[in-house]
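# Show me the folded form of this:
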Amino acid sequence: MALALIDIGGSSIKFGLWAHDVVHLRGQVRTPKTLEDFYKVVKAKTQYYQSQSNVSGVAISSPGSVDQASGIIRGASAIPYIHNFKIVEDLKNLLSLPVAIENDANCAGLAEGTFGAAKNYQNSIFIVIGSGIGGAIITDGIIRHGSHLLAGEFGYMLEGNHNTVSMKGSPVWMANRYNQHEKPASPVTGQMIFDLAQKGDPVAKKYLKTMYYALAHLIFNLQYSIDPEVFVLGGGVSNNLQLLPGIEGALDEVMAKVEIAEVRPIIKLCQFRSEANLIGAAVNYFQTER
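Numbers count the residues shown, from 1 in each chain. Below you'll find the model as predicted:
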């Protein structure tokens, strides 16, 4: 069975053809400015894939809180025109095909849980580390959405009295704090702080330690509340070789403080990068349309 795959992003939309558990014929266009143009692009790409294979449905990864029961993408994102109306129904009518949509972090989690770093585990948590902290909770191979579609919104959790996990655990927020308090001659990025720390800069190490501790606290708390078999870390920063050892070191200290905690979280880096959302969209399609 072949599927047309669509990954909706704020700056670009990625496309692919799912066949034999592999993404083929990848493509990418700049995200349209209007819903009308968005529909035109989606229809043209779907028709192209139909000309190449026997496409039986369309699988979509999207930002926002996807309410699969109603076919509405709730919440907000950098693409305001996709929200708060029955977009799945519209797309089914437009394309004359079954359509399934899931949140992008959930799609990435499904990709890792089905084919990637967590494929040998039934229960996993996927953590996306980017401009904020998000993720997905997978139980028995199925996404847990929660009563208000908030499952996996780890960034809202508090880290201390006044900060959220996103504020303390994101490399973007880390760089913002560095620029605000250290006032460098020119603004630094999260990657630059990693580079400075690797060269032995004590100030950069201090900021990284704060980020590592926030992520270690998050992982520890999730282990002892949801109790997954494994954690998978994603987002662009997961490419940085310092990330996992840094979090593991902070986790050592957290574990030492809680002597009754016998289960140490297992943490892995994600296997898939740019294709994760497309792959997970296919997994979600088969789960929802079966």
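
# isn't Ala250 right up against Ile219?
No - look at Ala250 against Ile219 with Cβ atoms under 8 Å: they stay out of range, at 9.2 Å. The C-beta positions use only the backbone N, C-alpha and C, and glycine is treated the same way.

# neighbour count winner among the two?
Ile219 (26 against 22; other Cβ atoms under 10 Å).

# Then the more buried one would be within a helix, right?
Yes - checked against DSSP: H, G, I helix; E, B strand; the rest coil, Ile219 lies within a helix.

# which residues touch Arg280?
Not Arg; residue 280 is Gly. Ser61, Glu102, Asn106, Cys107, Ala108, Gly109, Leu110, Ala111, Glu112, Thr114 (Cβ atoms under 8 Å, 6 or more residues apart in numbering).

# Gly146 now?
Counted by Cβ under 8 Å, 6+ apart, Gly146 has contacts Gly152.

# check which helix or strand covers it.
Using DSSP states H and E, Gly146 sits within no helix or strand.

# coming back round to it: as CSV, the contacts of Gly280 with pLDDT and secondary structure would be great.
Below are the contacts of Gly280 laid out as CSV (pLDDT from 0 to 100; DSSP: H, G, I helix; E, B strand; the rest coil):
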residue, pLDDT, secondary structure
Ser61, 97, strand
Glu102, 97, strand
Asn106, 97, helix
Cys107, 97, helix
Ala108, 97, helix
Gly109, 97, helix
Leu110, 97, helix
Ala111, 97, helix
Glu112, 97, helix
Thr114, 96, helix
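
# now the spatially most central residue of the chain: how far from Ile138?
In the chain, the residue lying closest to the centroid (Cα atoms, centre = their mean) is Ala105, at 3.0 Å. Ala105 is 11 Å from Ile138, where distance means Cβ to Cβ, to the nearest Å.

# what residues are shared contacts of those two?
Common neighbours of Ala105 and Ile138 (Cβ under 8 Å, 6+ apart) are Phe126.

# thought Gly134 was touching Ala151?
No - Gly134 is beyond contact range of Ala151, at 10.7 Å (criterion: Cβ under 8 Å).

# Those two: which is more packed in?
Neighbour count, other Cβ under 10 Å: between Gly134 and Ala151, Gly134 has more, with 25 against 17.

# For that one, give the beta-bridge partners.
Val128 (DSSP bridges).

# A helix includes Ala282, no?
Yes - membership of Ala282 in a helix is supported by three-state DSSP.

# residues contacting the closest residue to it other than its chain neighbours?
Ranked by Cβ to Cβ, 6 or more residues apart in numbering and with sequence neighbours excluded, the top spatial neighbour of Ala282 is Trp18, at 4.3 Å. Residues in contact with Trp18, defined by Cβ under 8 Å, 6+ apart, are Ala2, Leu3, Ala4, Leu5, His24, Ala59, Leu278, Ile279, Ala282.

# Just the element for Leu215, please.
Here Leu215 sits within helix 202-223, counting by DSSP H and E.

# tell me how far that helix is from the chain's mean position?
19 Å (Cα atoms, centre = their mean, to the nearest Å).

# for the helix or strand containing Ile60, packing partners?
Secondary structure from DSSP H and E places Ile60 in strand 55-62. For strand 55-62, the elements it packs on are strand 2-8, helix 35-52, helix 87-95, strand 99-103, helix 104-114, helix 276-289, judged by 3 or more Cβ pairs under 8 Å, 6 or more residues apart in numbering; DSSP states H and E.
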